Every structure is written in structure tokens, then in C-alpha cells.
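S.K.: Take this sequence and fold it.
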Amino acid sequence: MRPELRALFPESVAYAELMDPAQAEPLFLEEEAHIARAVDKRRHEFALGRTCARRALVQLGLPRTALPAHADRSVQWPAQALGSITHADGFCAAVAARRSDLRGLGIDAEVRGRVTPKLWSHIATEREIGWFQATDSAAEANERATVLFSAKEAFYKAQYCITRTFVGFHEVELSFEGAQFQVRLVGEVARLFPEGARFPGNFALLGEHVLTGVVI
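M.R.: Sure thing, here's the model as predicted:
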């Protein structure tokens, strides 16, 4: 794992990334069936994501295996593992861990600054929007909004490993300090996490992308 990403996840988490579609490995038949009608862009992302995920599993000492998707598009990981895959323009990454080490794991990548003001009310609370606006730079405001969007996506993936429940953008509220953030639940989730529960996360800026990670 690149040094700038090491702080995103504990040592028990395996990480793999790819940027070149030509590096994608052949899919298993179960995976091919899931994207039989997909456009080329989706097929390339899917193949790169599965390749990254398998490379992460190998780092854990687990075999390469098919990783098909449920009807809700979440990945069917092996019984011993859990993980998360993310795609952004020109970037793909995956993380994996043994279930004996973690309960939930989420990663998300976004193109820096892509979340503009027209999207803010859809993904942020009033307090969070105030944080975007607490800068004189429009570019910095969009960057903050993008980091927040990515962080909420990473949290959603991590909690879904446990709850199998949808959590919307306005059902959590985030606060940031340096390269760390904290997720606070506005209400309870699936009777497993109470209202007010808090979860830590981290982010890193990598060239044209922001990468966020949440571990439960």
C-alpha cells in the first residue's frame, strides 16, 4: 500500500489499485453473467474492480474466487472475508479483510472537486454546507463537498457489511479534523447502531482523486 494510504486502514486490511483496463484479469462465468448486457465502460470497471478485489484477497492468504453481485449490487465476498470496491474516472481500488478481524469495511474514490453547489443540498446537512462555505475559495468548497460525499459513501459500504440496510446522505452528519472525519448517526440503523453512534474515518488526496476509508 502506498505510504499516503497507510493511515486510511489498519494493518489487517489488504489494498489493491489499478488504473489501466488492460490489467484486468478474466472474469469468472458467474461474474460475466452479471454484466452480459453492460456497456464497455461498465464492463471495464467491473473487471478492474474484481481484479483488485482478488489481489487483495490473495494478500490475506485467501484463494482467487468468483465475486458475483447480489441483486442490490453488493459484492458476494467469500465466507472468511469482507471488503469494498470503488471506481472513479481512471482509478479503481479494493480493500479486503478477514471477518475475524473486522465487522465492516468501506472505501470510496471520487474525482476531486466534482461535487458542485447544485448537489450540496442532496448530500449534505445545513451544518455540513456551512462547512463547505467556510472558505473563500469556490474550488476549496467543492473539494470539501467531494470529500464529504466520498466519506459518506465509504461509511455506507462499511455499515452495510453489518446491517444490510440503506442509509441515506441525510441520515448521517460528518465533522472533519485534518485528514480524519467522524460520522454521527442522526437516527438508529437496523436496531444495530443507535442514534448518535459515531464512527471514525480517514481520507487522502491522491493527485486527481480523493480516497476515503471507514473501518468498523
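S.K.: use CA for all of it now, contacts and neighbours both
M.R.: Fine.
S.K.: quick one, strands of this structure?
M.R.: Remark: strands assigned in the chain by DSSP state E are 14-18, 81-88, 91-98, 105-111, 172-177, 180-185, 198-206, 209-215.
S.K.: Which other helices and strands does the second one contact?
M.R.: Same thing as strand 81-88. With contacts defined as 3 or more CA pairs under 8 Å, 6 or more residues apart in numbering; DSSP states H and E, the packing partners of strand 81-88 are helix 40-59, strand 91-98, strand 105-111, helix 138-163.
S.K.: Mean pLDDT added to those, as TSV?
M.R.: TSV is the format used below for these (pLDDT from 0 to 100):
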stretch	mean pLDDT
helix 40-59	94
strand 91-98	96
strand 105-111	97
helix 138-163	97
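S.K.: So residue 194 sits against residue 171, correct?
M.R.: No: taking contacts as CA atoms under 8 Å, residue 194 lies outside contact range of residue 171: 12.0 Å.
S.K.: Which neighbours do those two have in common?
M.R.: Residues touching both residue 194 and residue 171 (CA atoms under 8 Å, 6 or more residues apart in numbering): 185, 187.
S.K.: neighbour count winner among those two?
M.R.: Using other CA atoms under 10 Å, the more surrounded residue of residue 194 and residue 171 is residue 171, with 18 against 13.
S.K.: neighbours around the closest residue in space to the more buried one that isn't next to it in sequence, how many?
M.R.: With CA to CA, 6 or more residues apart in numbering as the criterion, residue 171 has its nearest non-adjacent residue at 5.1 Å, and that residue is residue 186. Look at residue 186: counted by other CA under 10 Å, it has 15 neighbours.
S.K.: Low-confidence regions, the protein specifically.
M.R.: Of all residues in the chain, those with pLDDT under 70 make up the ranges 71-73.
S.K.: domains of it?
M.R.: Domains of the chain are assigned by automatic domain parsing as 3-107, 109-215.
S.K.: any chance of the helices and strands packed on strand 81-88 in CSV, plus mean neighbour count and distance to residue 216?
M.R.: Formatted as CSV, the entries for the helices and strands packed on strand 81-88 read as follows, by neighbours: other CA atoms under 10 Å; distance: least, CA to CA, whole Å:
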stretch, mean neighbour count, distance to residue 216
helix 40-59, 21, 18
strand 91-98, 25, 11
strand 105-111, 28, 6
helix 138-163, 23, 7
